[in-house]
Each structure stands twice: as C-alpha cells, then as structure tokens.
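Student: Quick one, what's the 3D model for this:
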Amino acid sequence: MSNLSSKQVKIVATLGPSSSSVEKILDLAKAGANVFRLNFSHGDYEEHAARIEAVRQAEKELGRPLGLFMDLQGPKFRLGTFGDKKVHLKAGDVFRFDLCDEPGTTERVYLPHPEIIHALSVGNRLLIDDGKMIMEVTEIGDGYVMTRAQVDGYLSDRKGVSLPDAEIKVSAMTDKDKRDLAFGLEQGIGSVALSFVQRPEDLQELREIAKKRIQVIAKIEKPNAVDHLASIIEETDAVMVARGDLGVELPPEKVPAIQKKIISYARNRGRPVIVATQMLETMIHTPTPTRAEASDVATAVYDGVDAVMLSAETAAGDYPVEAVSLMSRIIREVEADPLHRSLMDASRNKTENTKTDAISAAARQVASTIEAKAVICYSTSGKTALRAARERPEAPVIALTHDTQIARSLCLGWGISAIVCNDATDVREMVQIALKVVQDKGFVETGDSVVITAGVPFGSAGTTNILRIAEVE
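Tutor: Predicted structure coming up:
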C-alpha cells in the first residue's frame, strides 16, 4: 500500500539555507512534509526562484503534487536609530516618539510612521521588540506621542513596534509585498499567505492585485483579526494561526483559547487551518524537542487542525529532516489513538443545505458503513475535496483533478491526497479512471471498496451530485 495516506494532518516546512537543495526537499517530503513555505521576509528573488525550481524538481521525482506557498512580509513598523545604539529605561520613565528623524536619546526617538500616531489613543500600549518593552500612551500631540515605560528594559535601533490596542488604517500589502507577489505569480506560485490581516478587505485587496485565481491564506496574528474572524474566514481559502505575533500582542494565557476558536471557525466553514510558530523550536539546535513541544503538536492534531508548520526548524535549523520526521511520528501516534477518532466524530459540523455538502456527508457515512478504503472525489475547483475532508472521514480522501495548481493547493487539506488525471466524460468512465488511478498509486487492492463522488456535467465546478460505490477488481 502507498504511504501517501499514512497521516491525515499535513506538515508545512519552511524553506531556507538549511533546506534549499532538491535532495534536501526530497528528504523532507519523504519524511512527511506535504507543503513548502517561502518566507519573503528573508532572501532575494534569485534564492526564491531556485527554491521554487527545486520543489518542482522534487515533485517530478516523487510523482505526486507538493504544495508551495509564498508568505508575504506585510507592513513592518520599526523605530529609528539612537545616537548610542540603545537606551535603558526604567518603569515609570517618560519617553517621546516623534516624526523628527534625528538620532534618538534617552528622552525621545524617531518613529517614521505617522499612521501609528494617528491610530493611537491615550491608554493604548506600544510594544517594542516583540513585547520586551511596554510603553503606555499618556499624551498625543501634533506629530508626537508621549508614553510611560511599564517595565525596565532597552530601546534600540530599528526594533519592531506593535499596537495591540489599536487598528492601523494601512493596507496589509506594502510596495514590497506587491513586487514580491508579482514575482511569485510570474514563477507560477498559486498560493499566497497574507501577513497581519486585520479585516476582510485586506484579502479582497490581495485578490484584486493578483488579478487571477489564487489560494489565499489569511494569517491571524492581530487582535483585530480575531475580532473580525468570521468575516475574514468567509473571504479566505485557508487560515494560519500565526502564534508568534499573536502571542506578542495578546497575553500568553489568551492564545490557546484563541487558537481553538480559530480552528473551530475554520473547520466549520471548511477552510484548511494551519497552526504555526515554535512548534518544535528546540529542534533548531537540538535533535529532540521538549515534551511540551511534542504535546503542543499533539494538541493541535487532537483539535482537528489541517496542518502544522515548521519555521526556523526547517529553514535554518541543524536538524530539518529530523524535525519533520518527528512531527510525522507525533501526528501518526495521535491519529492511531481511539480518542482522536472520537473527537473527530464528536466535533463534526452540521451539514449545510447544499448538494455538495449532502453528497460529502453521505460519502463519509457510506464509506464508514461499508469500510471503504477511500473516498474519491472528482474536483474541478478543489471545493468538493475540501468538503469531503471537512467531514473528517476514517477513509482517506483522494482528490482527482485535471488542474495541477488545484492539486497542489489541496495538499494543505486534512486527509487529502491529490492526483492529477484526465476528466471523465460519463459515469462509466468516471469509475474506470478512479479505480485505475488509485490502484496504480497503491491506495487500494483487489477486492477493496471505494466511494466515488462527482458532478454531472463532468468538468464543471460546483456540480457535485453523484455518489457511487465501486469495488476494485
């Protein structure tokens, strides 16, 4: 039997200096990576182009689709510079942020973002350097803001600034992001993650700029995004729980509950959801994780997440393949636990009043009753396969599509193995193609039963209206 369906939860591996060669990408894929991430906060176009080509080469050698998405940097707010590189503040010290571009002192510093000053109110907080310094706004004037330090610490050159209590009226896409997006689309990338999403309009802007159909992944890392979660999920194709920045702008004790909320919302709407950041952080420099990190990965799997992500562990770490391999073992261990199946069944969402949902729910039930080895979905747009995966069936979901980009985007979906093949022209051919493809790929053996869903007329998106039981001969 093929090992393509050996785990249901997918692994996203970030590419970087530790994982740029075809050989390393092949090793990562064989260890369990299904989707690769290009972080456009780092690297130049030449490096990214080489990694894209390496993923495509690995895909050919493996003989199956590999997901690939570009992660846009988004707006970054930073301080200016200091005359002495850094200054020390004590709790209670008064400090000014202003629009004067002279070097900073112990009393003030340049804040080259007037939009931040306009967004703030008295009592709001400024978090500097990932929250290491906390400043509370005491006064706002023309081109400046006065603050009071809440803790002892340092302010230094070019450190990042976050506003957990205010919504900044700026586009989620900077000029750099627009250039990066154009480059990625030219390279044939069909999936894009948008950073620092605050509202659904941010996602609409990305689609308008792209001017073509792409898979959009909304990164939830701002408190405002949590406030607009339902409308953001309606507008996006997939969701990432980006716990790094989310954990900076929110108290740490709130992040676990928000993670579960995002997973629940995304699953309810059939959107793939990724949990990211610091999942196996220790493995950047050590060959084994902490037990807490292993438990963190397991908890996400028990929650029904579609994918878990590795960042620096695979991009710049000393043990990229080992990190993916261990993450795969954790996933498989959880999925073999009877409690996991009980949780998937208990958390299944109510079927929506659509033909696709009705067929998908029926396919899961029929597959369970007859102990089918697979639920096979002909899927032009990918939505039918995602709806089938939303049911969290016991049998693997095999998506058959003629579109390579759709197949790659489906690599993110829970339990989905995507295969590129020709469309059928009638029901008889539909069954023949489905059985041949899954048997050739090693998913099934002679005597196995499968459940097949498709739509008539064939090749039209959104027409799922057929459910067929077939036996492999």
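
Student: what about the residue lying closest to Phe183 once chain neighbours are set aside, neighbour count?
Tutor: Excluding the flanking residues, the one nearest Phe183 by CB to CB, 6 or more residues apart in numbering is Tyr45, at 5.5 Å. Glycine gets a C-beta too; all of them are placed from N, C-alpha and C. Using other CB atoms under 10 Å, Tyr45 has 14 other residues around it.

Student: what's the answer for Ser295, then?
Tutor: Every residue meeting other CB under 10 Å relative to Ser295 is counted, giving 12.

Student: wait, what's in contact with His113?
Tutor: 77, 161 (CB atoms under 8 Å, 6 or more residues apart in numbering).

Student: how close does it get to Leu99?
Tutor: Per CB to CB, to the nearest Å, His113 is found 9 Å from Leu99.

Student: low pLDDT regions in the stretch 1-150 of the chain?
Tutor: For the stretch 1-150 of the chain, the stretches with pLDDT under 70 are 1-5.

Student: any chance you could map the strands in it?
Tutor: 10-15, 35-39, 67-71, 86-89, 94-98, 108-110, 125-128, 133-141, 144-149 (DSSP state E, counting those that start in this stretch).

Student: Helices of the stretch 101-250 of the chain, start to end?
Tutor: 114-119, 175-186, 200-210, 223-227, 229-235, 243-249 (DSSP state H, counting those that start in this stretch).

Student: Would you single out the least confident of the ones you listed?
Tutor: Here the helices of the stretch 101-250 of the chain differ in mean pLDDT, and the lowest is helix 243-249 at a mean of 88.

Student: For whichever helix or strand comes after that helix, list every residue counted as buried.
Tutor: Reading on from helix 243-249 to the C-terminus, the next helix or strand found by DSSP states H and E is helix 255-268. Using 16 or more other CB atoms under 10 Å as the test for burial, helix 255-268 gives 255, 258-260, 262-263, 265-267.

Student: do the same with stretch 12-19
Tutor: 12-16, 18-19.

Student: what two of these are the furthest from one another?
Tutor: Checked with CB to CB, the buried residues of stretch 12-19 reach their widest spread between Val12 and Ser18, with 15.3 Å between them.

Student: what's the spacing between the residue nearest to Phe183 and Arg392?
Tutor: Distance from Tyr45 to Arg392, by CB to CB: 40 Å.

Student: ok, now Val305?
Tutor: Taken as CB to CB, the span from Val305 to Arg392 is 11 Å.

Student: where do the contact lists of those two overlap?
Tutor: Trp414.

Student: the more surrounded of these two?
Tutor: Using other CB under 10 Å, the more surrounded residue of Val305 and Arg392 is Val305, with 26 against 21.

Student: List the residues that contact that one.
Tutor: Applying CB under 8 Å, 6+ apart, the residues contacting Val305 are 9, 263, 273-275, 414.

Student: export the longest helix anywhere in the chain as PDB, just CAs?
Tutor: Secondary structure of the chain per DSSP state H: the longest helix is helix 45-62. What follows is helix 45-62, C-alpha atoms only, in PDB (Å, rounded to 0.1, in the frame of the first residue of the first chain):
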ATOM      1  CA  TYR A  45      14.500  36.700  -5.700                       C
ATOM      2  CA  GLU A  46      17.300  34.600  -7.100                       C
ATOM      3  CA  GLU A  47      17.200  32.400  -3.900                       C
ATOM      4  CA  HIS A  48      13.400  32.100  -4.000                       C
ATOM      5  CA  ALA A  49      13.400  31.200  -7.700                       C
ATOM      6  CA  ALA A  50      16.000  28.400  -7.100                       C
ATOM      7  CA  ARG A  51      13.900  27.000  -4.300                       C
ATOM      8  CA  ILE A  52      10.700  27.100  -6.400                       C
ATOM      9  CA  GLU A  53      12.500  25.200  -9.100                       C
ATOM     10  CA  ALA A  54      13.900  22.700  -6.600                       C
ATOM     11  CA  VAL A  55      10.400  22.000  -5.200                       C
ATOM     12  CA  ARG A  56       9.100  21.400  -8.700                       C
ATOM     13  CA  GLN A  57      12.000  19.100  -9.500                       C
ATOM     14  CA  ALA A  58      11.400  17.200  -6.300                       C
ATOM     15  CA  GLU A  59       7.700  17.000  -7.200                       C
ATOM     16  CA  LYS A  60       8.600  15.300 -10.500                       C
ATOM     17  CA  GLU A  61      10.900  12.800  -8.900                       C
ATOM     18  CA  LEU A  62       8.300  11.900  -6.200                       C
END
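
Student: packing partners for it?
Tutor: When contacts are defined as 3 or more CB pairs under 8 Å, 6 or more residues apart in numbering; DSSP states H and E, helix 45-62 packs onto helix 22-31, strand 35-39, strand 67-71, helix 175-186.

Student: If we use 10 Å, what do you get?
Tutor: Under the contact criterion of 3 or more CB pairs under 10 Å, 6 or more residues apart in numbering; DSSP states H and E, helix 45-62 touches strand 10-15, helix 22-31, strand 35-39, strand 67-71, helix 175-186, helix 404-409.

Student: Asp93: which of those is closest?
Tutor: helix 175-186 (34.3 Å).

Student: Against Glu445, how distant is the closest residue in space to Pro200 that isn't next to it in sequence?
Tutor: Excluding its sequence neighbours, the residue lying closest to Pro200 (CB to CB, 6+ apart) is Glu235, at 4.0 Å. According to CB to CB, Glu235 stands 43 Å off from Glu445.

Student: Glu333 too?
Tutor: 26 Å.

Student: how many neighbours does the nearest residue to Asp71 once chain neighbours are set aside have?
Tutor: In space, and not counting its chain neighbours, Asp71 is closest to Ala193: 4.2 Å by CB to CB, 6+ apart. Ala193: 28 surrounding residues under other CB under 10 Å.

Student: Was I right to think Ala193 contacts Ala238?
Tutor: Yes - counting by CB atoms under 10 Å, Ala238 is a contact partner of Ala193 at 8.4 Å.

Student: Which residues are in contact with each of those two?
Tutor: Residues touching both Ala193 and Ala238 by CB atoms under 10 Å, 6 or more residues apart in numbering: 69, 215-218, 274.

Student: now, among the residues you listed, which is nearest to Val437?
Tutor: Gln215 (23.2 Å).

Student: Tell me how many other residues crowd the closest one.
Tutor: Gln215, neighbours per other CB under 10 Å, totals 22.

Student: circling back: Throw the shared contacts of Ala193 and Ala238 into a markdown table and include distance to Val109, thanks.
Tutor: Output for the shared contacts of Ala193 and Ala238, formatted as a markdown table (distance: CB to CB, whole Å):
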| residue | distance to Val109 |
| --- | --- |
| Phe69 | 36 |
| Gln215 | 40 |
| Val216 | 36 |
| Ile217 | 35 |
| Ala218 | 33 |
| Ile274 | 36 |
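
Student: closest to Lys436 among these?
Tutor: Gln215 (28.3 Å).

Student: circling back to that earlier point, with Arg56 as the reference, name the closest of the helices of the stretch 101-250 of the chain.
Tutor: helix 175-186 (13.6 Å).
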